[in-house]
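In: Sequence first, predicted model second:
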Amino acid sequence: MSPNESLDNVKALTFDTGGTILDWHTGFRTALADMGAKYGVERDWGALANEVRRRSLGAMLNLGENEPPAYNFDDSHRRAVDGVLNENGLEAVTEDERRAIWWDRTHSFQCWPDFPDTLPRLRSKFICASFTILSFRIIIDTAKRNGISWDAVISCEAIGKYKILPEAYQTAARFLQLDVSDCMMVACHNFDLDAAKAVGFKTAFVRRPDEWGAEGPPDPEPNPIHDIVVDTFPELAERLGVEG
């Protein structure tokens, strides 16, 4: 059986959204740099953008494993931004200015440029869902901002079990009324794809070399178990036999 034949049953593509679709690094870096300029503080804003990401992401993975989640990713962003500001000479930043970073900026993150024009092509053949640990509002607002349309938004906020818990992936497939083997997880992160693969998803690794800015991704090399490895979303569409 050829690799393409093994993917013939795929009916839905579920997309990691923070990092794979949305450029969080540029969003945070420029927002922090603007605040630093306003208050006369100079730091390595790219490094601090990545620190916001590490802290906020770390607080979300496996959330709900032992008890129901008491917060969502917006809350996690708020705490991470507060901590980074307070530790880097920006304690005087007001609550409204802080909200402009952890809410306004995150809800207006830009998509990577190869995605918006490719999504309609993928939707012509597959159900395309944002499957994310981000909040519903972040996905709603960034979709409007970038002019993209998802067939479905599945936030772990509704599941009550966050990636990389197996229940998150199993429930996402159940919400789509599909078997896990009918779903393909699309992401630039091995940890997400490996967890999806473990419960029966097909997996596609899409490289995003600029996700972490100049620092580079912490885990850039795709696990060889993934069904598809590509550099761009147009390449993904081609590998999946999408016309256009």
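Out: Sure, I can see it. Numbers count the residues shown, from 1 in each chain.
In: what bits of this protein have low per-residue confidence?
Out: Residues of the chain that meet the criterion pLDDT under 70 lie in 1-5.
In: per-domain residue ranges of it.
Out: If you go by automatic domain parsing, the domain ranges for the chain are 5-22+110-239, 24-108.
In: Same list, those, but as CSV with mean neighbour count please.
Out: Just so you know, the C-beta spots here come from the backbone N, C-alpha and C atoms, and that holds for glycine as well. Listed next are the domains of the chain as CSV, based on neighbours: other C-beta atoms under 10 Å:
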stretch, mean neighbour count
domain 5-22+110-239, 19
domain 24-108, 17
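In: any chance you could map the strands in this protein?
Out: With DSSP state E as the criterion, the chain has strands at 12-15, 127-132, 152-155, 183-187, 202-206, 228-230.
In: counting contacts, what elements does the last one pack onto?
Out: Contacts of strand 228-230 with other secondary structure elements, assessed using 3 or more C-beta pairs under 8 Å, 6 or more residues apart in numbering; DSSP states H and E, are made with strand 202-206, helix 233-239.
In: for the fifth one, same thing?
Out: Contacts of strand 202-206 with other secondary structure elements, assessed using 3+ C-beta pairs under 8 Å, 6+ apart, are made with strand 183-187, helix 190-199, strand 228-230, helix 233-239.
In: which residues touch the second one?
Out: Read that as helix 190-199. 14, 16, 61, 163-166, 169-170, 180, 183, 185, 187, 203-205, 219, 222-223, 225-226 (C-beta atoms under 8 Å, 6 or more residues apart in numbering).
In: one more time with 6 Å, if that's ok
Out: In this structure, residues lying in contact with helix 190-199 by C-beta atoms under 6 Å, 6 or more residues apart in numbering are 16, 163-164, 166, 169-170, 180, 185, 187, 203, 219, 223, 225-226.
In: and if you look at stretch 106-124?
Out: In contact with stretch 106-124 (C-beta under 6 Å, 6+ apart) are residues 21-24, 27, 77, 128, 138, 141-142, 145-146, 148, 232-234, 237, 242, 244.
In: From start to finish, how long is it in a straight line?
Out: Length of stretch 106-124, first residue to last, C-alpha to C-alpha, to the nearest Å: 29 Å.
In: And that stretch, how far out from the chain middle?
Out: 12 Å (C-alpha atoms, centre = their mean, to the nearest Å).
In: quick revisit: as TSV, the helices and strands packed on strand 202-206 with distance to Glu51 would be great.
Out: Output for those, formatted as TSV (distance: least, C-beta to C-beta, whole Å):
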stretch	distance to Glu51
strand 183-187	22
helix 190-199	19
strand 228-230	29
helix 233-239	28
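In: OK, contacts around Val41?
Out: By C-beta under 6 Å, 6+ apart, Val41 lies in contact with 89-90.
In: May I have the phi/psi pair for it?
Out: In terms of degrees, to the nearest 10, the main-chain angles of Val41 are phi -120, psi 130.
In: What distance do you get for it to Thr30?
Out: To Thr30, Val41 is 15 Å away according to C-beta to C-beta, to the nearest Å.
In: if we can go back for a sec, which among the contacts of helix 190-199 gets closest to Arg54?
Out: Closest to Arg54 out of these is Asp219 (12.9 Å), distances taken as C-beta to C-beta.
In: Which residue is the nearest non-sequential neighbour of the closest one?
Out: The shortest distance from Asp219 to any non-neighbouring residue, by C-beta to C-beta, 6 or more residues apart in numbering, is to Asn190 (5.2 Å).
In: can you point me to the longest helix in the chain?
Out: Ranked by residue count and defined by DSSP state H, the top helix of the chain is helix 24-39.
In: Show me what that helix is packed up against.
Out: Contacts defined by 3 or more C-beta pairs under 6 Å, 6 or more residues apart in numbering; DSSP states H and E place helix 24-39 against helix 45-58.
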